[in-house]
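Enquirer: Give the three-dimensional model of this entry:
(one chain, ligands or ions: 1)
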Amino acid sequence: MNPAPVPVPPPFLSRPQPALVPAEPRAFPFEPSACALLLIDMQRDFLEPGGFGAALGNDVSHLRRTIAPCVALLRAWRAARLPVIHTREGHAPDLHDLRPAKKFRPGSGPRIGDPGPMGRILVRGEPGHDLIAELSPHAGEAVIDKPGKGAFYATPLHELLLSLGIRQLVVGGVTTEVCVHTTVREANDRGFDCLVLSDCTGSYFPEFHTTALKMISAQGGIFGWVSSSAHLLPALPTA
Ligand code: TIU
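Expert: As a prediction, this is how the structure comes out:
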């Protein structure tokens, strides 16, 4: 038997007039009063030249191009006094929350919990697990620690969104085809509309980034909408 369904966000009682943000596959009906900014895993180990991602041989410049647009968007979002939620991928120091399916990969490369260039890899409290300084959370902004790729698995994110009256998510972060995609797919199943920003998301593999975004907006927007910060910024209310 299936478990009881999770609660879904309630419909608007009186629906405000949405701002239409140019997007694929069609304009996104942006409702600022019901929208949060979700920044996924903008962590030092993924983005910094001396981090774990770089140590694996990845070109972090493909991720670092997201920093400036994320900073500009975050500044405007804060000025509009809308909710901001950051996520961090990582595990407890004793790794009790690291499933074998995630831990074990073929090959002899470093694994989660091993010593890395910025402390133990993807372990909470280690320097590499920190969010990059440019996007440090402000007081009052939620930081969701997640042991999985998706931001809903084993976290209070769904309950937090419901408590804030959120129905829509504007999504930035890394990497597009991994943690961003997993989160957006699940958000869609849970009843949240997602607008994914192409310049605020990135992958070590540019072709994956491009394809992952197409997969979101294909088939009439099967997982959500895709746009850019340049299209969204003019629609943000000024406080
Ligand atoms: N945050 C996130 O996407 N975690 C990853 O491990 N991504 C990779 O692309 N490996």
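
Enquirer: ok, now how distant is the residue nearest to Val8 when sequence neighbours are not counted from Ile166?
Expert: Spatial nearest neighbour of Val8, excluding adjacent residues (C-beta to C-beta, 6 or more residues apart in numbering): Gly191 at 3.8 Å. Just so you know, the C-beta spots here come from the backbone N, C-alpha and C atoms, and that holds for glycine as well. Computed as C-beta to C-beta, to the nearest Å, the Gly191 to Ile166 distance reads 10 Å.

Enquirer: swap in Pro9?
Expert: Applying C-beta to C-beta, the value for Pro9 to Ile166 is 7 Å.

Enquirer: higher neighbour count, those two?
Expert: Ile166 (22 against 18; other C-beta atoms under 10 Å).

Enquirer: Which neighbouring elements make contact with the longest helix seen in the chain?
Expert: When the chain is parsed with DSSP state H, its longest helix is helix 206-221. Applying 3 or more C-beta pairs under 8 Å, 6 or more residues apart in numbering; DSSP states H and E, we find helix 206-221 packed against helix 181-189, strand 193-202, strand 225-227.

Enquirer: so who does the spatially most central residue of the chain touch?
Expert: Nearest to the centroid of the C-alpha atoms of the chain, with distances taken as C-alpha atoms, centre = their mean, sits Ile40, at 2.7 Å. Listed by C-beta atoms under 8 Å, 6 or more residues apart in numbering, the contact set of Ile40 reads 87, 151, 171-174, 179-180, 183.

Enquirer: That one bridge partners, please.
Expert: Beta-bridge partners of Ile40, counted by DSSP bridges, are Thr87, Gly173.

Enquirer: before we move on, what about Gly116?
Expert: Gly119.

Enquirer: number of nearby residues for it?
Expert: Based on other C-beta under 10 Å, the number of other residues close to Gly116 is 24.

Enquirer: His129 is in contact with that one, correct?
Expert: No. The pair Gly116 / His129 is not scored as a contact, 9.9 Å apart, by C-beta atoms under 8 Å.

Enquirer: shared neighbours of the two, anything?
Expert: With C-beta under 8 Å, 6+ apart, Gly116 and His129 have common neighbours Asp45.

Enquirer: Which of the helices or strands spans the residue nearest to Val8?
Expert: For Gly191, there is no helix or strand it lies in under DSSP states H and E.

Enquirer: What number of residues are in the vicinity of it?
Expert: The local packing of Gly191 (other C-beta under 10 Å) involves 17 other residues.
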